[in-house]
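Novice: have a look at this fold, sequence not included:
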């Protein structure tokens, strides 16, 4: 068989397989619609609804498909299957194409209506006032720890953390040719400009640097000019092809950020959850020890513990902990009841599925 015939045969096989995939997706959409009828009014709109489902698919990935490709594939399928539902309104912090936008798109797929705001407080206010279903906000830096103003704002508004999305944030320089020597003009969002000002001054001192509204606009403008480049988040792509001219140009290097998915309604139990809690202690010897003992006594795994001064309260501190399990699990309910008796203040920020699952079985449900 000559090469042309073999090529046509393989293309024909792919076309047949694509038709089979389409029919399977149609079946999945019907099941998803039936599921949505049984769970009206819940906040289950998320990729596959369960983090454990995505993890199982990633573990089952065949050798021909990288595990990293599984999540975006099935997130897109899930969003398409929900197209007949009322799309949720998701608010994110930052510009189109920036890291907050990427976190929102990675978590929810392409189905929702995405709305940008300038600050975390504005994003949370949109959810509080029922003008949005979810907010995607910066939650923790892996160098600085939890972002306590965000945690306190979530607790104060009585909102719930229902999910997480971790990003490795790095900026790249892209252009049509990918040749650094040809760069005479650089388009960037104001936020990204601040993050890579030293790089631009050192490596492109003669280039004209122009601030534009968003990385999306920077990409589109750079695609129109032969000697122009754009500063964009790693992984972002626009409507036209550009090449990476320089990786990781941020002055602070690559930064890992965890984003919190916030809603008015709590997340249902997945069996692989963590619960976020804020509390403060009374001013007496052993107060913190007595509170933490309630978690140890009931074999609840403390995954994180951080503390910060409470603004305006002198030397009073607030503690943030993440403990394994859902807030409806029997053992965690008992532990939190004990903490409530000891603590000066206790606020359950929410329970949400872990992106990385452990091998422990789901705890007994209350």
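Specialist: Sure thing, it's come through. Values in this document were obtained by computation on a predicted structure and should not be read as measured data.

Novice: packing partners of the helix or strand hosting residue 90?
Specialist: Assigned by DSSP states H and E, residue 90 falls within strand 89-93. If you count contacts as 3 or more CB pairs under 8 Å, 6 or more residues apart in numbering; DSSP states H and E, strand 89-93 packs onto helix 99-108, strand 113-117, helix 120-128, strand 134-141. Every C-beta, even on glycine, is put in place using the N, C-alpha and C of the backbone.

Novice: worst average pLDDT in those?
Specialist: Among the helices and strands packed on strand 89-93, helix 99-108 carries the lowest mean pLDDT, at a mean of 90.

Novice: got the contact list for residue 168?
Specialist: By CB atoms under 8 Å, 6 or more residues apart in numbering, residue 168 lies in contact with 234, 254-256.

Novice: 7 Å - rerun?
Specialist: Counting by CB atoms under 7 Å, 6 or more residues apart in numbering, residue 168 makes contact with 254, 256.

Novice: for it, give its distance to residue 12.
Specialist: From residue 168 across to residue 12, the span is 40 Å (CB to CB, to the nearest Å).

Novice: picking that back up, and the strand holding residue 90, average pLDDT?
Specialist: The average of the pLDDT scores along strand 89-93 is 94.

Novice: go on, stretch 253-266?
Specialist: Throughout stretch 253-266, pLDDT has a mean value of 91.

Novice: could you list the low-pLDDT ranges of the chain?
Specialist: For the chain, the stretches flagged by pLDDT under 70 are 1, 35-52, 79, 82-86, 313-314, 356-366.

Novice: tell me which element the spatially most central residue of it falls in.
Specialist: Centroid check for the chain by CA atoms, centre = their mean gives residue 165 as the closest residue, at 2.6 Å. Using DSSP H and E, residue 165 falls within strand 160-169.

Novice: what about residue 312, distance to residue 192?
Specialist: Applying CB to CB to residue 312 and residue 192 gives a distance of 34 Å.

Novice: the two: which is more packed in?
Specialist: More crowded of residue 312 and residue 192, by other CB atoms under 10 Å: residue 192, with 27 against 6.

Novice: in the sheet, who's paired with residue 229?
Specialist: For residue 229, the beta-bridge partners are residue 175, residue 186 (DSSP bridges).

Novice: surely it touches residue 245?
Specialist: Yes: in this structure, residue 229 is within contact of residue 245 by CB atoms under 7 Å, at 6.1 Å.

Novice: name the residues contacting each of those two.
Specialist: Common neighbours of residue 229 and residue 245 (CB under 7 Å, 6+ apart) are 173-175, 183.
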